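>>> This is a predicted model, with the sequence first.
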Amino acid sequence: MGISERREREKNERRKAILSCARELILLQGVDRVSMDDIARQAELSKATVYLYFPGKEVLFNEICEEAAKKFFERFKPLLENGLCGLKTLKYFWRNYVEMFGNFDEMIIIFKVRKFLYPGSSIFTLESENKSPYVDAILEAIRTVIEQCKLEGIFDPELDSSMARSLLLSTFASFVENSSKIPKEARESRAFIAEMTAVFQLLIRGFAKEGVDRNLLNIDPFSTTED
């Protein structure tokens, strides 16, 4: 390996280390309390070195958020490619959300960092200056699934898909906000999962077209498949 290749590899490894340390601190201390000084100390680098890779905390945090969103989208993407009906896709989306919610910290990263980056506005917005491709891809995928449910006659054809998506995401954000204050094992409890699922089910029932059998919208919070 030549000198330039080795230096490039070292730069990439240092960049990954900075991101990893920042992510660890966010989960440990909370996004508002983490400073570039904290990140530099955790990564055992000078503050000036950290700034060489990331010109500001917002840029660094946005990249962390994007990495977390990528992990979630990669789990959700196959559901869109399998040609499932809209309602099944929405239910499977929920199952992936619940699985990641209990076993990964990505949900906390996505919602907490997004809220920090865009205070006073919607947690998820497509109109932000700092575009986030994977976050935006998740947003568009949810809207597309809602539109498909409307076309299939499950959801009210007059339903505003963007508003419905915002309502779902606001509810997810509330789950994350509340669960981040309790131990991980409590987040994984059957009672907590059942409560979250009941709220999600109530929301999508509210989206339903008049006359649709509400039983179609039932969700078993502990089943791994859905008819």
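Now that the structure is in, tell me what you want to look at. The structure displayed is predicted, hence computed values, not measured ones. Numbering: from 1, shown residues only.

>>> Determine how far the lowest-mean-pLDDT helix or strand in the chain lies from the middle of the whole chain.
Scoring the helices and strands of the chain by mean pLDDT, DSSP states H and E places helix 184-187 at the bottom, with a mean of 72. Relative to its chain's centre, helix 184-187 lies at 18 Å (Cα atoms, centre = their mean, to the nearest Å).

>>> List the buried residues of the next helix or strand after that helix.
Once helix 184-187 ends, the next helix or strand along the chain (criterion: DSSP states H and E) is helix 190-207. Within helix 190-207, the residues that count as buried by 16 or more other Cβ atoms under 10 Å are F192, I193, M196, T197, F200, Q201, I204, F207. (C-beta placed from N, C-alpha, C; glycine too.)

>>> which helices and strands sit right next to helix 190-207?
Using 3 or more Cβ pairs under 8 Å, 6 or more residues apart in numbering; DSSP states H and E as the contact test, the elements touching helix 190-207 are helix 86-103, helix 161-179.

>>> Those helices: which one's closest to I109?
The closest approach between I109 and any of the helices and strands packed on helix 190-207, judged by Cβ to Cβ, belongs to helix 161-179 at 9.5 Å.

>>> Which residues outside the closest one are in contact with it?
The set of residues external to helix 161-179 that reach it, using Cβ atoms under 8 Å, 6 or more residues apart in numbering, is 97, 101, 107-108, 111-112, 115, 122-124, 139, 142-143, 146-147, 150, 155, 186-187, 192, 196, 199-200, 203, 207.

>>> can you tell me which helix in the protein is longest?
Assignment by DSSP state H gives helix 3-29 as the longest helix of the chain.

>>> Redo the buried residues of helix 190-207 as CSV? Include distance to P221 and pLDDT.
Rendered in CSV, the data for the buried residues of helix 190-207 read as follows (distance: Cβ to Cβ, whole Å; pLDDT from 0 to 100):
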residue, distance to P221, pLDDT
F192, 10, 82
I193, 5, 84
M196, 8, 85
T197, 4, 88
F200, 9, 90
Q201, 9, 90
I204, 14, 92
F207, 19, 94
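
>>> Max pairwise distance over those: which two?
With distances taken as Cβ to Cβ, the most widely separated pair in the buried residues of helix 190-207 is F192 and F207, at 23.7 Å.

>>> Pick the most buried one from the helices and strands packed on helix 190-207.
For those, the stretch with the most neighbours on average is helix 86-103, a mean of 19; neighbours defined as mean count of other Cβ atoms under 10 Å.

>>> And the contacts of it?
With Cβ under 8 Å, 6+ apart as the contact definition, helix 86-103 has outside contacts at 71-72, 75-76, 79-80, 84, 106-107, 142, 145-152, 154, 172, 175-176, 179, 184, 187-188, 193, 196-197, 200, 204, 216-217, 219, 221, 224, 226.

>>> All good on my end, thank you.
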